[in-house]
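*Asks:* I would like to see how this sequence folds:
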Amino acid sequence: MTKRLFVGNLSFDVSEAALQEAFAPFGSTGSTVPLTGSGKPKGFGFVDVADDQVSAAIQAMNGKELDGRVIEVGEAKPKPELNIFGVRPANRGYGGRGGYGGRGGYGSRRN
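*Replies:* You can find the predicted model right below:
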């Protein structure tokens, strides 16, 4: 079995091969994903490592320099489940925009 690690603060120039090579001592399965959006690198990615090597990989690689940047490594959080419409559920916390208690509209002036 493998676990997915989150690797943050990646250089925009880092390649998938460089990421695989860096995590190879920890049983990297070759599944690395430096994320890009619209063709531009996002500066983070994911690496799959062997279950028994997760803590060793985090301890050894967190704070290490890779391609000129100090990277952050931690266990990846699972993706939220999709609802029946194929959309991630919205954060239902209070606050943010809209809702009740906002600035009034027509007739909201008090005398």
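*Asks:* residue 33 belongs to a strand?
*Replies:* Yes: assessed by DSSP: H, G, I helix; E, B strand; the rest coil, residue 33 belongs to a strand.
*Asks:* looks like it contacts residue 45 (just checking).
*Replies:* Yes: when contacts are counted by Cβ atoms under 8 Å, residue 33 is listed as touching residue 45 (5.2 Å). For the C-beta atoms, the positions are set from N, CA and C on the backbone; glycine is no exception.
*Asks:* the two: which has the busier surroundings?
*Replies:* Using other Cβ atoms under 10 Å, the more surrounded residue of residue 33 and residue 45 is residue 45, with 20 against 14.
*Asks:* what's the spacing between the more buried one and residue 86?
*Replies:* In this structure, residue 45 and residue 86 are 25 Å apart, going by Cβ to Cβ, to the nearest Å.
*Asks:* one more: residue 71?
*Replies:* 33 Å.
*Asks:* between the two, which one's more packed in?
*Replies:* Under the criterion of other Cβ under 10 Å, the comparison of residue 71 against residue 86 puts residue 71 first, with 21 against 6.
*Asks:* wait, the more buried one touches residue 61, no?
*Replies:* Yes: counting by Cβ under 8 Å, residue 61 is a contact partner of residue 71 at 6.6 Å.
*Asks:* now do the shared contacts for those two.
*Replies:* Any residue near both residue 71 and residue 61 by Cβ atoms under 8 Å, 6 or more residues apart in numbering counts here, and that gives residue 7.
*Asks:* where in this protein is pLDDT low?
*Replies:* In the prediction, the chain carries residues with pLDDT under 70 at positions 29-31, 34-37, 89-111.
*Asks:* show me where it has its strands.
*Replies:* With DSSP state E as the definition, the chain shows strands at residue ranges 2-8, 32-37, 40-50, 65-66, 69-70, 72-75.
*Asks:* looking at the ones you listed, which is nearest to residue 18?
*Replies:* For those, the distance to residue 18 is smallest for strand 65-66, at 7.3 Å, taking Cβ to Cβ.
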